[in-house]
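Student: Coordinates only, no sequence provided:
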């Protein structure tokens, strides 16, 4: 995808489902960036092109949702031998891959979601670096985990760290250790141990496959649920919205110099906002077309880096995508 391609698509970004796309009797839920159609124990999850940062929806980025959905579906296929996921088998969609057909939708089981997000960190960066540099415990890290002194910015941890947070129905999520999640009743102790094992296994696989592509999976967020009486990983996995990626080439030199690593994720967009004085409060800056194009190209670069092939959209017209999603929803959820 070229800058010209992205610029020409600015006016046709997929802002979200229309009410008419929902089969009769199906519930339509609109989140910050994802729309969900559901009935009974099944759901169709649709990734829009809306872009959010600091819990605010700020604009749209051409093909962002399709890129994220296809990356996530690829990762689910690479990890389903480790941890089951929420995706319905292809037999539920006539033997077709839902994402390949629609570009941006998946057919999934409805899950009872665990009210916690599990962040796994492999390197000292982001908020963990800010806490560590200030001499504070890393938010969400179990007090039983002791970090060595003298770690450098962007240095790899001796072992990956789990730093969970609550998922609040209203207001901001808050960091909480695993012990706090269990004590507060957010999750049962035995189930939490299973979640810890699953998250670390997924992260190890993610790092291994990222390394084979010349990338470093730095940290990531997982969400888990219960479906059919078993633990499943749900929502998204190892996308540039839920994960931080660096290029492996040049990592050591940048680490020695104390420099930012070469990023391949959403962090550049967030930094652009922070540089203009916005970190969630007040009026956000205008997201001009040049920023939207640049962000679209970064998402396309991530797709190429992870999947090893250039990104080509299934649909270039947003309405055509909506029609395909509506057809899939009727097949999965019933008329």
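Tutor: Great, that's in hand. Computed from a predicted structure; not experimentally measured.

Student: need the contact list for the residue most central in space within the chain.
Tutor: What sits nearest the mean C-alpha location of the chain, by Cα atoms, centre = their mean, is residue 242, with 3.0 Å. By Cβ atoms under 8 Å, 6 or more residues apart in numbering, the contact list for residue 242 reads 220-222, 235-236. All C-beta atoms are positioned from the backbone trio N, CA, C, and that covers glycine.

Student: per-residue confidence for it?
Tutor: On pLDDT, residue 242 comes in at 93.

Student: ok, so what distance separates it from residue 311?
Tutor: 18 Å (Cβ to Cβ, to the nearest Å).

Student: Near residue 331, how many other residues are there?
Tutor: 18 (other Cβ atoms under 10 Å).

Student: Surely it forms part of a helix?
Tutor: Yes. Applying DSSP: H, G, I helix; E, B strand; the rest coil, one finds residue 331 inside a helix.

Student: Excluding residues flanking it in the chain, which one is nearest it?
Tutor: residue 93 (6.1 Å; Cβ to Cβ, 6 or more residues apart in numbering).

Student: what's around the one you found, how many residues?
Tutor: By other Cβ under 10 Å, 21 other residues sit near residue 93.

Student: ditto for residue 197
Tutor: Residues near residue 197, counting by other Cβ under 10 Å: 13.

Student: Sticking with it, tell me its helix or strand.
Tutor: Using DSSP states H and E, residue 197 falls within helix 189-212.

Student: Verify the stated contact: the residue nearest to residue 331 with residue 105.
Tutor: No. In this structure residue 93 lies outside contact range of residue 105 using Cβ atoms under 8 Å: 9.9 Å.

Student: Now do the shared contacts for these two.
Tutor: residue 328.

Student: re the thing from before, which parts of the helix holding residue 197 are buried?
Tutor: For helix 189-212, the neighbour count (16 or more other Cβ atoms under 10 Å) marks 192, 195-196, 198-200, 202-203, 205-207, 209-210 as buried.

Student: Following element in sequence after it, please.
Tutor: Downstream of helix 189-212, the next assigned helix or strand under DSSP H and E is strand 215-227.

Student: so what strands line up beside that following strand?
Tutor: strand 112-123 (antiparallel), strand 230-234 (antiparallel), strand 243-247 (antiparallel) (DSSP bridges).

Student: Out of those, which is the most enclosed?
Tutor: By mean neighbour count, with neighbours taken as mean count of other Cβ atoms under 10 Å, strand 243-247 ranks first of those at a mean of 23.

Student: Residues touching that one, excluding its own?
Tutor: 125-126, 154, 206, 210, 214-221, 261-265, 267, 302, 305-306.

Student: re the thing from before, save the buried residues of helix 189-212 as CSV, and put in pLDDT and distance to residue 76 too.
Tutor: As requested, the buried residues of helix 189-212 are exported to CSV (pLDDT from 0 to 100; distance: Cβ to Cβ, whole Å):
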residue, pLDDT, distance to residue 76
192, 97, 22
195, 98, 17
196, 98, 20
198, 98, 13
199, 98, 15
200, 98, 17
202, 98, 10
203, 98, 15
205, 98, 11
206, 98, 12
207, 98, 17
209, 97, 13
210, 97, 15
